[in-house]
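[1] Everything below, folded, please.
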Amino acid sequence: MHTLQGNLAADCFGADCRARSLDSVKDPLRESKSRKGPFTALKSRKGPFTALKSLKDPFTAPSSATEPLTTPTSRKGPFTDYPAKRCRGLVAQQGVRCHSAERSRRPRAILDTVQTPALHFLGHATTRVELGGRVALTDPVLTQWIGPLARVAPKPDVGAWTGVDVVLISHLHGDHLHLPSLKLLGAGMPIVVPRGAGSWLAKHGFTAVEEISPGETIVDGDLAITATEAVHSGHRWGPRLTHGPQSPALGHLLEADGYRIYSAGDTDLFPGMAALGPVDVALLPVWGWGPNLGPGHLTPERAAEAAALLQARAAVPVHWGTLAVPGLHRTAKMRRLLVEPPRTFAHHVRCAGLSTEVLHTRPGSDVLLPARREHG
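    Numbering: from 1, shown residues only. Modelled structure (predicted):
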């Protein structure tokens with residue numbers, strides 16, 4: 001884990017501050033003694049490309065892999081309406097729900113040992129968030145292959161998703177809602193999805209799905225999860241298609257014990273970000289998995305603008321250095337793009353004169369959070 005705290009050789013002189021190109025930034029992760037770099041895991045060309053020969057979802061597990069999961073018997077999901085006095089002091093209002101108190105996925109002894117807060121960046125948009133005695137997992141991508149994309153960062157160990165209480169899905173794209181990864185967590189894992197996606201997940205055998213819209217809040221013990229706006233395509237197969245599952249993309253604001261953690265999912269800038277701040281930690285996407293970014297994404301420069309709008313005390317750059325198209329990842333440009341976006345993001349944060357501390361964390365590592373200080 002690396003924290004960038006003013007050690008960049010950036011030329012920042014007020015209005016004369018110019019962004020360095022990605023070509024000029026040295027690769028902090030590249031092995032100087034080997035040409036293989038972080039791609040030694042790609043030893044096979046077999047992959048899952050045969051799935052692309054049909055109209056089936058390439059991000060769905062092959063039909064021959066396992067038997068289908070049991071059809072759900074209930075659509076109520078894991079979250080139940082309770083009177084305000086059962087909601088840990090929260091005021092009863094539309095969109096506020098509480099997790100069933102008797103339905104804990106882990107022994108109380110484990111719950112009591114959870115530190116508040118703790119973050120572990122598993123790669124791409126997947127982050128384990130331990131807050132308020134609960135463990136949330138964002139957009140889990142846990143396997144070596146994500147449809148046609150190969151993982152070029154270490155695959156998470158089983159312990160990385162052990163003890164998860166709730167999964168948060170930002171949108172339906174296959175690199176965020178990955179069915180094989182969700183099946184690793186179990187059919188009964190509580191999953192919070194954008195409104196409109198619940199029935200589609202239920203058809204795939206998941207029995208504890210809860211839908212949520214921007215502005216709505218779900219309460220799980222001491223952890224409050226509020227859905228936020230996101231500017232990104234919500235269609236399963238991308239913005240150019242109209243058939244198939246579709247629901248609005250979301251971000252999530254997690255709050256407990258006086259801490260506020262914002263997970264952006266996939267989004268471009270939007271004015272409403274200012275209303276979400278200040279936040280203690282912002283998980284901000286700074287790139288993707290290809291050589292270019294389409295609409296609805298944050299570049300490193302725009303991610304720095306988002307940090308400013310959010311008044312983020314700390315920011316963790318995510319959505320980088322994890323997935324790539326096999327073959328394309330060997331090009332010089334992609335090798336740079338797999339490592340440089342978080343450094344470029346930190347450069348823009350510094351040039352903007354922000355107080356945001358950039359927590360540059362490699363995929364698969366714990367996030368070293370700074371000491372708490374009050375917003376002033």
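
[2] Before we move on, what's the pLDDT of the closest residue to Leu328 other than its chain neighbours?
    Excluding the flanking residues, the one nearest Leu328 by CB to CB, 6 or more residues apart in numbering is Met334, at 5.5 Å. C-beta: built from backbone N, CA, C; applies to glycine. Met334 carries a pLDDT score of 87 in this model.

[3] ok so Met334 is a strand residue?
    No. Secondary structure of Met334 (DSSP: H, G, I helix; E, B strand; the rest coil): helix, not part of a strand.

[4] what are the ranges of the helices in this structure?
    Assignment of helices within the chain using DSSP state H yields the ranges 108-111, 179-185, 198-203, 273-276, 300-310, 332-337, 341-351.

[5] what comes up buried for the last one?
    Which is helix 341-351. Across helix 341-351, burial judged by 16 or more other CB atoms under 10 Å covers Pro341, Pro342, Arg343, Thr344, Phe345, Ala346, His347, His348, Val349, Arg350, Cys351.

[6] Show the pLDDT at the first one.
    Pro341 is assigned a predicted lDDT (pLDDT) of 96.

[7] pretty sure it is in contact with Arg302, am I right?
    No. Using CB atoms under 8 Å, Pro341 is not in contact with Arg302, being 11.4 Å away.

[8] Leu338 and Pro180, how far apart?
    Note on Leu338: its distance to Pro180, by CB to CB, to the nearest Å, is 23 Å.

[9] Looking at the two, which is more packed in?
    A count of neighbours by other CB atoms under 10 Å puts Leu338 above the other of Leu338 and Pro180, at 24 against 21.

[10] can you pull the contacts of the more buried one?
    Leu338 sits next to Pro38, Val152, Trp320, Gly321, Ala324, His329 when contact means CB atoms under 8 Å, 6 or more residues apart in numbering.

[11] pLDDT score for it?
    For Leu338, pLDDT reads 93.

[12] Then Arg103?
    The model's pLDDT for Arg103 equals 37.

[13] Counting neighbours, which bits of stretch 171-189 end up buried?
    171-183, 185, 187-189.

[14] just stretch 218-233 next, same as before
    Neighbour-count burial for stretch 218-233 [16+ other CB under 10 Å]: 218-221, 223-233.

[15] same deal with stretch 143-150?
    For stretch 143-150, by 16+ other CB under 10 Å, it's Thr143, Trp145, Ile146, Gly147, Pro148, Leu149, Ala150.
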